[in-house]
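**Student:** give me a model of this one.
(chains A and B)
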Amino acid sequence: AQSVTQLGSHVSVSEGALVLLRCNYSSSVPPYLFWYVQYPNQGLQLLLKYTSAATLVKGINDFEAEFKKSETSFHLTKPSAHMSDAAEYFCAVSFSNFGNEKLTFGTGTRLTIIP
Amino acid sequence: GAVVSQHPSWVICKSGTSVKIECRSLDFQATTMFWYRQFPKQSLMLMATSNEGSKATYEQGVEKDKFLINHASLTLSTLTVTSAHPEDSSFYICSAIGTGNTEAFFGQGTRLTVV
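**Tutor:** Take a look at the predicted model:
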């Protein structure tokens, strides 16, 4: 069965520092991969999506993620953290035809930004 | 991006009563809608998939008689939690995809508290 593992349920970084949120998936074939952000009591907002077009995916708010097949990873990074980045981040995977169905989510990483 | 709206955003109900949550696609026709459940500090778990005009497909372990899903139109799906109990208290989130869409759009979620 497909699964997603997010290493670190909590990550704290200083404002202006590099953000690195880790995500690994288990699969014998490349899936569709997603990163979502969730602010308190809100739904999910798509940050970026990997669809096999390019291994380095750029998303909104200067976030990007790199698909590494050899490592089965899809880590999320941002060069300089901003206070507004404090939120819960979810990595997700899909094996549907268009990558938009039956998402399997990781357990999430809560990002805290230290002033 | 497309907009998916859930109503209500929060609801408190008495144990034993039923609660209906609405999920609407405001600017596109949603051929498929998904209902997720999120327990505190946990990830989203897919409950069911509903296609317009068809019976919903429930994930293993989800009671279809307790969580009634109706997708009667291309812009509206409803989730009814019947005979709610405190353990049903959770954050319920819907997502929707439309014809040709490659992205699932999420609602803002509904926080249900059963007392």
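
**Student:** contacting residues for residue A:23?
**Tutor:** A:4-7, A:33, A:35, A:65, A:73-76, A:91, A:106 (Cβ atoms under 8 Å, 6 or more residues apart in numbering or on different chains). C-betas here are computed from N, CA, C, even on glycine.

**Student:** which residues touch the most centrally placed residue in chain A?
**Tutor:** For chain A, the residue nearest the mean C-alpha position is residue A:35 (3.3 Å; Cα atoms, centre = their mean). Shown in contact with residue A:35 (Cβ under 8 Å, 6+ apart): A:21, A:23, A:46-49, A:59, A:63, A:65, A:74, A:76, A:89-92.

**Student:** partner strands of the helix or strand containing it, with direction?
**Tutor:** For residue A:35, the host element (DSSP states H and E) is strand A:32-38. Paired neighbours of strand A:32-38 in the sheet (DSSP bridges): strand A:44-50 (antiparallel), strand A:87-94 (antiparallel).

**Student:** ranking these by burial, who's on top?
**Tutor:** Each of the strands paired with strand A:32-38 was scored by mean neighbour count; the highest is strand A:87-94, a mean of 23, by mean count of other Cβ atoms under 10 Å in any protein chain shown.

**Student:** nearest residue to the spatially most central residue of chain B other than its sequence neighbours?
**Tutor:** When chain B is reduced to its mean C-alpha position, the nearest residue by Cα atoms, centre = their mean turns out to be residue B:35, at 3.8 Å. Leaving aside its chain neighbours, residue B:35 sits nearest to residue B:47 (4.6 Å; criterion: Cβ to Cβ, 6 or more residues apart in numbering or on different chains).

**Student:** what lines up beside the helix or strand containing residue B:35 in the sheet?
**Tutor:** Using DSSP H and E, the element containing residue B:35 is strand B:30-38. Partners of strand B:30-38 in the sheet, by DSSP bridges, are strand B:44-51 (antiparallel), strand B:90-98 (antiparallel).

**Student:** list the buried residues in it.
**Tutor:** B:30-38 (16 or more other Cβ atoms under 10 Å in any protein chain shown).
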